[in-house]
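Novice: quick one: sequence plus predicted model below, questions after.
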Amino acid sequence: ISPISDAVKVLFAAGCIAVAAQAAEPQTQLARADVPAENFCKAAFSTLSGSRMLNGKYIGQCEYGVPQGDGMVTFTNGDRYKGDFAKGKIEGRGTWTSANGSTYAGEWRDGKRHGTGTYQWDHGSAYAGDWFYDRRHGMGKLSWPSGDRFEGEFRNNKYYAGTFFTSAGKRLTCMDGQCR
């Protein structure tokens, strides 16, 4: 199970250390001319994902000793997140890339996919649309490598009402998760 498929709650694990205070540390691409160097930090980072703890390294902006603003975390399992943080949590817009190559780019709230975004699985399927606390919920489009696709309303991570298009050219109407 990919950690992105579970709720990702971000917990700040250690105080930030200003990168500027460590001359041996190279500046990252996250550095911006309009942000003072003392507002950038490196930190240990942990997330709760189901029953697992993921650890990683954070580098980016900090405020009052916690990740705040632009940042990037690389987890020990190879997953990466680059984007916005607020009060030590993944919050705002950003991109998660799992070690297997699956990605999610879009909006986050409280460490979960929430708002609009696109998830692309490593095997070629993709979902673009609305998310509600880590579940496909609202309007969206789910496509498979075969060419099949569903466009319409999702509820609780399942397609609910809309149209299913087959690669053979069939068009099926779906209601309550049943397509005919």
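Specialist: All right, it came through fine.
Novice: what does the model give the most centrally placed residue in the chain for pLDDT?
Specialist: By CA atoms, centre = their mean, the chain has its centre lying nearest to residue 96, at 4.1 Å. Model confidence at residue 96, given as pLDDT, is 95.
Novice: what sits against it?
Specialist: Residues near residue 96 by CB atoms under 8 Å, 6 or more residues apart in numbering: 4, 79-81, 103-105. Yep, even glycine has a C-beta here, placed from its N, CA and C like the rest.
Novice: could you pull out the buried residues of stretch 165-180?
Specialist: 165, 174, 179 (16 or more other CB atoms under 10 Å).
Novice: what do you get for stretch 92-100?
Specialist: For stretch 92-100, the neighbour count (16+ other CB under 10 Å) marks 94-98 as buried.
Novice: tell me which other helices or strands the helix or strand where residue 172 lies touches.
Specialist: Using DSSP states H and E, residue 172 maps to strand 171-175. On a contact count with 3 or more CB pairs under 8 Å, 6 or more residues apart in numbering; DSSP states H and E, strand 171-175 meets strand 158-165.
Novice: just the CA coordinates of the strand it packs on, formatted as CSV?
Specialist: Provided in CSV are the C-alpha atoms of strand 158-165 (Å, rounded to 0.1, in the frame of the first residue of the first chain):
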residue,chain,number,x,y,z
LYS,A,158,-16.0,5.0,-6.3
TYR,A,159,-17.7,6.2,-9.5
TYR,A,160,-21.3,6.9,-8.9
ALA,A,161,-23.2,8.7,-11.6
GLY,A,162,-21.9,9.6,-15.1
THR,A,163,-20.8,8.0,-18.3
PHE,A,164,-18.5,5.1,-18.9
PHE,A,165,-16.8,5.1,-22.3
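Novice: and the closest residue to residue 145 other than its chain neighbours, how many residues sit next to it?
Specialist: Computed as CB to CB, 6 or more residues apart in numbering, the closest residue to residue 145 that is not its neighbour in sequence is residue 124, at 3.6 Å. For residue 124, the neighbour count with other CB atoms under 10 Å is 10.
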